[in-house]
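Colleague: Let me see the structure of the following:
(chains A and B)
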Amino acid sequence: DSGVTQTPKHLITATGQRVTLRCSPRSGDLSVYWYQQSLDQGLQFLIQYYNGEERAKGNILERFSAQQFPDLHSELNLSSLELGDSALYFCASSVADRDTEAFFGQGTRLTVV
Amino acid sequence: GESVGLHLPTLSVQEGDNSIINCAYSNSASDYFIWYKQESGKGPQFIIDIRSNMDKRQGQRVTVLLNKTVKHLSLQIAATQPGDSAVYFCAENTGNQFYFGTGTSLTVIP
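Modeller: Down below sits the predicted model:
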């Protein structure tokens, strides 16, 4: 158990809908990262927050947004969902904002039908 | 974007043999590297890391080698066990972002 908690584990929704994925980082970790992993693909970095502020942005679509709350949990919002958004979404957390080990959650498997 | 690639998408080894998984990275400014292991249905699990001021680091049964001259990273697993079967990713840290390769699938043959 990495200490990073993601909910829900599985999500099935229809195209055009909006979903929210939730991540609770390890106790003491200030940094949260979101990644997308499509079938047979590597991990694509989406966005990073550190202590409530956006720190880095990767290949995140405009339909997607995220935030980190004062209690350090984070949410990833996916809207106007398309079939191609079906993937595993991972959250990771780390103590610092760079150059440090990141611990991953078990992921949320999103299926868009 | 950055490019982190793996030379071999699949690797099969006999139980008890040593495994070597290779990775090439493209950004010479990357200063921190991590190897992750991902088992089916699970999130990536940290194996070992190395900073750019080192060329070798050893853990329990694992060794990471970094060759900055040719921008190459390798993961050596000693006495490979069935439980080592998984997909292995290398990741490079550039600034605040980690860039992952597509992974190498390691299969251990009993």
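Colleague: partner strands of the strand ranked longest in chain B, parallel or antiparallel?
Modeller: Assignment by DSSP state E gives strand B:86-94 as the longest strand of chain B. Sheet pairing for strand B:86-94, assigned by DSSP bridges, gives strand B:32-38 (antiparallel), strand B:97-100 (antiparallel), strand B:104-109 (antiparallel).
Colleague: which one is residue B:76 nearest to, not counting chain neighbours?
Modeller: residue B:63 (4.4 Å; CB to CB, 6 or more residues apart in numbering or on different chains). All C-beta atoms are positioned from the backbone trio N, CA, C, and that covers glycine.
Colleague: Equivalent analysis for residue A:28, please.
Modeller: residue A:95 (6.5 Å).
Colleague: Can you pull the residues of chain B lying near chain A?
Modeller: B:1, B:31-32, B:34, B:36, B:42-46, B:49, B:51, B:89, B:91, B:93, B:95-103 (CB under 8 Å from any CB of the partner chain).
Colleague: Surely residue A:94 is in contact with residue A:102?
Modeller: Yes - in this structure, residue A:94 is within contact of residue A:102 by CB atoms under 8 Å, at 4.4 Å.
Colleague: shared neighbours, the two?
Modeller: Taking CB atoms under 8 Å, 6 or more residues apart in numbering or on different chains as the criterion, residue A:94 and residue A:102 both touch A:31, A:33.
Colleague: the more surrounded of these two?
Modeller: Higher neighbour count among residue A:94 and residue A:102: residue A:102, with 29 against 22, using other CB atoms under 10 Å in any protein chain shown.
Colleague: Tell me how far that one lies from residue B:108.
Modeller: For residue A:102, the distance to residue B:108 (CB to CB, to the nearest Å) stands at 26 Å.
Colleague: Got the phi and psi for residue A:91?
Modeller: phi -110, psi 140 (degrees, to the nearest 10).
Colleague: Please name the nearest non-neighbouring residue to it.
Modeller: Using CB to CB, 6+ apart, the closest residue to residue A:91 is residue A:23 (3.4 Å).
Colleague: Ok, residue B:16 next?
Modeller: residue B:79 (5.7 Å).
Colleague: do you know how far the one you found is from residue B:61?
Modeller: Distance, residue B:79 to residue B:61, using CB to CB: 6 Å.
Colleague: So the two - more neighbours on which side?
Modeller: The residue with more neighbours, out of residue B:79 and residue B:61, is residue B:61; 14 against 11, by other CB under 10 Å.
Colleague: Which pLDDT does the model give that one?
Modeller: At residue B:61, the model reports a pLDDT of 96.
Colleague: before we move on, back to that, quick one: the residue nearest to residue B:16 and residue B:62 touch, right?
Modeller: No - when contacts are counted by CB under 8 Å, residue B:79 is not listed as touching residue B:62 (10.7 Å).
Colleague: follow-up on the earlier one: if I pick the residue nearest to residue A:28, what's in contact with it?
Modeller: A:28, A:29, A:30, A:31.
Colleague: out of those, which one sits closest to residue A:52?
Modeller: Distance to residue A:52, by CB to CB, is smallest for residue A:30 among the contacts of residue A:95, at 8.6 Å.
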